[in-house]
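J.: What follows is a predicted structure for the sequence shown.
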Amino acid sequence: MLEKTPKATCLLCKSKYTGTGMTRHLQSCLPKSLKNQRKSQRLKPQPFFHILVKGYYSPGYWLHLKVASSAKLEVLDQFLRDIWLECCGHLSAFSYEGTDLAMGRKLEDVFTPGMELLHEYDFGTTTELLVKVLGEYEGPMEKNKPVEILSRNEAPEILCDVCGKAPAVQICTECQWEGGGWLCQSCAESHECSKEMFLPVVNSPRTGVCGYTG
């Protein structure tokens, strides 16, 4: 499986960076953006955290988020389910240094800049996410929107395991067990396994897992 990673867009200034570059960029762009927003006074400032969420074993999938400090962990959990994870109503958990955290706890009572947490979804075919708290700020947030996206990775272009030329659009979950299974449209049509074993390639660290279709 060969993979090409395109640059992502900062939603604050529309600049494009790689994953590592985006983290560095936002640590300067976010404060600058907040300074400009304060001049407009359109929304009441409130404390929030800047967090980075990425696949623990697939770091090419990542999200930079603004999350209201007053939000509960269950709010962040639901956001991650909606954008990346939900397939069959599995259980999930946040943990810090091996200890599970109650979903009803507020971020302001848990998060501190620099800390890293683990998020797990589905304790059978588990998708693990690393949650990094990059900073704490005060600024405007949209009403009734406790989580806002600052940037998200563009879908990596994963080449077909069979022809090695065209982008994969389907995953054969049977062949995945042997380290393959990424298929372009043409190779998927002639693939010997049952089409019932196919899952679509989606922009998520849960792509190809359980019944996840994005």
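T.: Perfect, I can see it now.

J.: Please parse this structure into its domains.
T.: 3-152, 157-200 (automatic domain parsing).

J.: how much distance is there from the shortest one to the middle of the chain?
T.: The chain centroid and the centroid of domain 157-200 are separated by 23 Å, computed with C-alpha atoms, centre = their mean, to the nearest Å.

J.: related to what we said a few turns ago, any chance of the domains of the chain in TSV with mean neighbour count and distance to Val209 as columns?
T.: Quick note: C-beta positions are derived from backbone N, CA and C, even for glycine. Listed next are the domains of the chain as TSV, based on neighbours: other C-beta atoms under 10 Å; distance: least, C-beta to C-beta, whole Å:
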stretch	mean neighbour count	distance to Val209
domain 3-152	16	5
domain 157-200	16	8
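
J.: Just confirm Arg105 contacts Lys72, I think it does.
T.: Yes. Applying C-beta atoms under 8 Å, one finds Arg105 in contact with Lys72, separated by 6.5 Å.

J.: and Leu118, what is it in contact with?
T.: Each residue near Leu118 by C-beta atoms under 8 Å, 6 or more residues apart in numbering is listed here: Tyr56, Phe94, Ser95, Tyr96, Glu128, Leu129, Leu130, Val131.

J.: Quick check: it vs Ile149, distance?
T.: Using C-beta to C-beta, to the nearest Å, one gets 21 Å for the distance from Leu118 to Ile149.

J.: same thing with Asp161?
T.: 31 Å.

J.: What's the mean pLDDT across the longest helix seen in the chain?
T.: Ranked by residue count under DSSP state H, the longest helix found in the chain is helix 19-40. Averaged across helix 19-40, the pLDDT comes to 89.

J.: How about Gly139, nearest residue that isn't a chain neighbour?
T.: Leu34 (4.1 Å; C-beta to C-beta, 6 or more residues apart in numbering).

J.: Enumerate every residue touching that neighbour.
T.: With C-beta under 8 Å, 6+ apart, Leu34 has these contacts: Tyr137, Glu138, Gly139.

J.: what is the first one paired to in the beta sheet?
T.: When you say that, I think you mean Tyr137. Beta-bridge pairing of Tyr137 under DSSP bridges involves Phe48.

J.: Let me see the ranges of the helices in the protein.
T.: 19-40, 73-80, 173-176, 185-189.

J.: can you list these in CSV and add distance to Asp100?
T.: Formatted as CSV, the helices of the chain follow (distance: least, C-beta to C-beta, whole Å):
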stretch, distance to Asp100
helix 19-40, 27
helix 73-80, 10
helix 173-176, 29
helix 185-189, 40
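
J.: closest to Asp122 out of the ones you listed?
T.: When the helices of the chain are compared by C-beta to C-beta, helix 73-80 sits nearest Asp122, at 12.1 Å.
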